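> just coords:
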């Protein structure tokens, strides 16, 4: 049950309305008028709730559903507990998405610029922005319409930020050009100096970092993640990328469109990713690599060489899925043999 | 020697008093009146100090102790340097704990609400709270008694926080119900959106995250760690958990009581931990796993399957201790053989 | 091309001047008067730019240079495209460093103490400091000359900070003595409690952390990195160390001079590093280890034992370079053999 303390519930909705909102087919039209109060997981849903069943692995749980209704596929419908009204949908995940938007609006504060924020007089602020207490917007910043700059966020001088961007609490944005519809999570660090030194006479002399961070449209950078600015060229995060928490993206990395980078991944400098690359959590990439589009790198892998498009790699050094599994099996079998 | 610039020393104490405070037995009662000025490590203690010897590995250092007194067990006492007065205690670590609380109080500022903080007028603030400059407490927040909200910390709307909690500088707390006696360290991020997307028409559509973070009593979340809120159900951190720095805890994770999660661990979504699970640094967990109570997962391990209670695992993929050691030995031996 | 929106260009400079500034020899003195407007990478440089060629791997790109001039070594000069004026230099990286300082000054705001900062009246602030809005400087802090304390940074009570230090936005510094010329990046956490507990009666009793963090001169601590303070002795970061982003340095670690710690490395408590140790990204260190000077630990390695000076290790558990390569080759070869 969603906590209405935090999220406003726009329900209830009748099942007929839910079928319409989610483009589902109601299996038992006599239930069209049943009122649904909330959404819940298969496991925790109770009478008055609707739940979503899309993974066959959960079929035992499906047989125990206590909800009034369940959205599922034609194929999975027979697994749903008797007495639960079924709504058939080719894509129950999409139905969940649509319905959750109908049931719940995330409360957004009204647009306003807090008197307790610091906005330099040379900054240009778009329409309908929210600027919270103790946010800092420095000289010559250009901020689009509908942006939300949360408490303690710092936008350094000369940055340009598009429309409908959200900069989370205590996040830091510097040397950055950002598109529209981006969300920089709380504590993320954008545009810090890349990690570049030359050892000269026993001293690590800092190499000036003179590039920027270019962030496309519809990008998310997770909480406490870091994206360093380029050294001479730019660090680039392509349209639609999703970067999770505590990720390190180093100077001059270039990510294509729609890449997914899970928590705690580290990408060393000057790597170039194609489009829709997926990196599992804690994976690491050596510097100057080319990673082909649609490549999938498993969690904790260590990638030391260029990766072909659509490759599926895991392990350190990262190798193909079959090779990895073969090595794991070989080690398991032979170490036991010899141990005995 | 503890720096009295930072920590106020309540000493000196006579050895008789120290024996009493720590429930130790003074081996030479003629030394009952000796004054002890400070606590120090075996290695750095000097005259006037007391030190603590509880690990046999340090017996060479014990034979060189320069301190006036040493708390140790009956078994280890013979290793202590001549001339050092010994206090016998079954648990010298506990004695250290007790004595350190007697010698040093961490200076806590007096309770007060800074005029430079932002406290929404609808927020309810308990008695004897400290709210530092530029802390932000938003609408409808409920804060218990004796809480300390440090500079730059942000408590989002509707959060409920128990008594005697400390929210560190620049930490962020949102969509959260928190018990008593919790410490959220500087820069921790509680309640950000979980990392959930559906790829629809080439776009990673965000799945609304409608859950909360439920934090029990006596929980610590380390510096710059992230605990995402649940998607529909909640993310739960049980009573007495200790989470170190830079840890990622994803949406819908449920940790039982007393779990210890060392720095840089990453736990993917929907994992369920029993009680007193211990995770070494940089370990990673795939999503939807069940980890049994008292399981111990070594540093850097990659856990891909459910884990039995009390299991001791290491490696990637994580396996039992003996199996791992056998594999390491097998590889070492046979690769050399073949290499020659 | 460097974006003059963010970086002020002091050029153009004539090639003769550039040869002088970088101690290079102009191969074709008839070009002494050619005007150079900017610096750029080999790949993106165009007419009017100068670039730098120092890595033989880039020789194909060197043959395509579009820049007006290129600084390179005598050995590499023949690979440079025809028509590009070559400046010969034994160390083109150093030339880059010198020239970038001539071309670009990072704009530093004028010294001033913002009215919107919080500076306790007992704090001592040196000359020519910049203290930005919403920075917090607590009681008895001593700050040297020429420091920059950025927005949202918090300096806890009694800390001492040398000259010309920069404390980044939303960084946190506590229980710390810091030398000169240090840069603590945005979001770094210095001096938080070490992770120390004793399990007593089913409760993880916190061990008071009574030490400090001692930071030498010319140290950098990267964005969102954490350096915990010592338990009784201190945590020490030696002169000239370079610590990248999202690094964990635990209580009582001691790093010698000039160590380089790449992003996401984790060092457990009470480790002692010699001088100029280099740790690749995501490497992990068990507690209480001694790591010899000039040791090099590869990315993602797991170090479980003491390391000899100058050792080159990789893998988990970390082993010598040759041993590692032999094991990787053995596994690859034999698992395939058996698989067939």
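The structure has been received and is ready for your questions. Fair warning: this is a prediction, and the values are worked out from it, not measured in the lab. Numbers count the residues shown, from 1 in each chain, chains lettered A, B, ... in the order given.

> Report the central residue of chain A.
With distances taken as Cα atoms, centre = their mean, residue A:242 lies nearest the centre of chain A, 4.0 Å away.

> close enough to count as contact, residue A:139 and residue A:158?
Yes - contact between residue A:139 and residue A:158 holds when scored by Cβ atoms under 8 Å: they sit 7.4 Å apart. Heads up, the C-betas are built off the backbone N, CA and C, glycines and all.

> Just want to know which of these two has more residues nearby.
For residue A:139 and residue A:158, the more surrounded residue by other Cβ atoms under 10 Å in any protein chain shown is residue A:158, and the numbers stand at 23 against 13.

> Give me the spatial nearest neighbour of the more buried one, chain neighbours excluded.
Nearest residue to residue A:158, sequence neighbours excluded (Cβ to Cβ, 6 or more residues apart in numbering or on different chains): residue A:140, at 4.8 Å.

> ok, how many other residues are close to the one you found?
There are 16 residues near residue A:140, going by other Cβ under 10 Å.

> Identify the residues contacting it.
With contact set as Cβ atoms under 8 Å, 6 or more residues apart in numbering or on different chains, residue A:140 has these partners: A:120, A:122, A:123, A:157, A:158.

> And these, which of them are buried?
In those, burial by neighbour count holds for A:123, A:157, A:158, counting by 16 or more other Cβ atoms under 10 Å in any protein chain shown.

> Now flag whichever of those residues is closest to chain C.
residue A:158 (5.2 Å; Cβ to the nearest Cβ).

> List the residues that contact that closest one.
A:139, A:140, A:141, A:175, C:5, C:6.

> helices or strands up against the longest helix along chain A?
For chain A, the helix with the greatest residue count under DSSP state H is helix A:321-339. When contacts are defined as 3 or more Cβ pairs under 8 Å, 6 or more residues apart in numbering or on different chains; DSSP states H and E, helix A:321-339 sits against strand A:312-314, helix B:321-339, helix C:321-339.

> For residue C:165, find the nearest of those.
Put simply, out of the helices and strands packed on helix A:321-339 the one that sits nearest residue C:165 is helix C:321-339, at 37.7 Å, with distance taken as Cβ to Cβ.

> got the angle between that closest one and helix B:321-339?
100 degrees (axes from the mean of the first three to the mean of the last three Cα atoms, to 10 degrees).

> Residues of the stretch 151-300 of chain A that sit close to chain C?
A:152, A:154, A:156-158, A:170, A:172, A:175, A:187, A:189, A:192-193, A:195, A:197-198, A:200, A:202-208, A:210-212, A:224, A:226, A:228, A:232-233, A:246, A:248, A:250, A:264, A:266, A:268, A:282, A:284, A:286 (Cβ under 8 Å from any Cβ of the partner chain).

> Pull out the buried residues from the residues you listed.
When burial is judged by neighbour count using 16+ other Cβ under 10 Å, the buried members of these are A:152, A:154, A:156-158, A:170, A:172, A:175, A:187, A:189, A:192-193, A:195, A:197, A:204, A:206-208, A:210-212, A:224, A:226, A:228, A:232-233, A:246, A:248, A:250, A:264, A:266, A:268, A:282, A:284, A:286.

> Which single one of the contacts of residue A:140 is nearest to residue B:91?
The shortest approach to residue B:91 among these belongs to residue A:157, at 56.8 Å (Cβ to Cβ).

> mind checking how far that closest one is from residue C:166?
Between residue A:157 and residue C:166 the distance, using Cβ to Cβ, to the nearest Å, works out to 15 Å.

> likewise residue A:260?
With the distance defined as Cβ to Cβ, residue A:260 ends up 34 Å from residue C:166.

> what do you get for residue A:230?
For residue A:230, the distance to residue C:166 (Cβ to Cβ) stands at 20 Å.

> Check residue A:197 too.
Counting by Cβ to Cβ, the gap between residue A:197 and residue C:166 amounts to 16 Å.

> go on, residue A:124?
Look at residue A:124 and residue C:166: by Cβ to Cβ, they are 27 Å apart.

> Looking at the two, which one has more neighbours?
residue C:166 (19 against 11).

> so what's the more buried one bridging to?
With beta bridges defined as DSSP bridges, residue C:166 has these partners: residue C:148, residue C:183.

> For residue C:219, see how far away it is.
Using Cβ to Cβ, one obtains 11 Å as the distance from residue C:166 to residue C:219.

> From the contact counts, what lies against the helix or strand of chain A at the bottom of the mean pLDDT ranking?
Least confident element among the helices and strands of chain A, by mean pLDDT, DSSP states H and E: strand A:104-105 (a mean of 84). Using 3+ Cβ pairs under 8 Å, 6+ apart as the contact criterion, the neighbours of strand A:104-105 among helices and strands are strand A:8-9.

> what's the next secondary structure element after the strand it packs on?
Elements were assigned by DSSP states H and E; along the chain past strand A:8-9, the next helix or strand is strand A:13-14.

> Mind listing what's buried along the helix or strand following that next one?
Heading C-terminal from strand A:13-14, the first helix or strand you meet, by DSSP H and E, is helix A:15-22. Of the residues in helix A:15-22, A:15, A:17, A:18, A:19, A:22 count as buried by neighbour count, 16+ other Cβ under 10 Å.

> For the last one, which residues are in contact?
Neighbour list for residue A:22: A:71, A:87, A:89, A:94, A:95, A:98, A:99 [criterion: Cβ under 8 Å, 6+ apart].

> and which of those is nearest to chain C?
For those, the closest approach to chain C (Cβ to the nearest Cβ) belongs to residue A:94, at 34.9 Å.

> Mind pulling up the pLDDT for that closest one?
In this model, residue A:94 is scored at 92, pLDDT.

> Look at it and say how many residues are nearby.
By other Cβ under 10 Å, the residues close to residue A:94 number 18.

> Tell me if the helix or strand hosting it is near chain B.
Assigned by DSSP H and E, residue A:94 belongs to helix A:92-103. Yes - with Cβ under 8 Å from any Cβ as the criterion, chain B is reached by helix A:92-103 at A:93, A:94, A:96, A:97, A:100, A:101.

> in that helix, what counts as buried?
By neighbour count, and taking 16+ other Cβ under 10 Å as the criterion, the buried residues in helix A:92-103 are A:92, A:93, A:94, A:95, A:96, A:97, A:98, A:99, A:100, A:103.

> which residue sits closest to residue A:53, ignoring its sequence neighbours?
Distance criterion Cβ to Cβ, 6+ apart; nearest residue to residue A:53, sequence neighbours excluded, is residue A:72 at 4.1 Å.

> let me fix that: residue A:329
What sits nearest to residue A:329 in space, not counting adjacent residues and going by Cβ to Cβ, 6+ apart, is residue C:335, at 7.6 Å.

> For the one you found, give me the pLDDT.
As predicted, residue C:335 sits at a pLDDT of 90.

> quick one: buried residues of stretch A:176-188?
Within stretch A:176-188, the residues that qualify as buried are A:176-188, counting by 16+ other Cβ under 10 Å.

> phi, psi of residue A:56?
Here the main-chain torsion angles of residue A:56 (degrees, to the nearest 10) amount to phi -60, psi -30.

> Please work out how many residues are found near it.
Here the count is done by other Cβ under 10 Å, and residue A:56 has 11 residues near it.

> Check the contact between it and residue A:76; I expect there is one.
Yes - distance between residue A:56 and residue A:76: 6.5 Å, which falls inside the contact criterion (Cβ under 8 Å).
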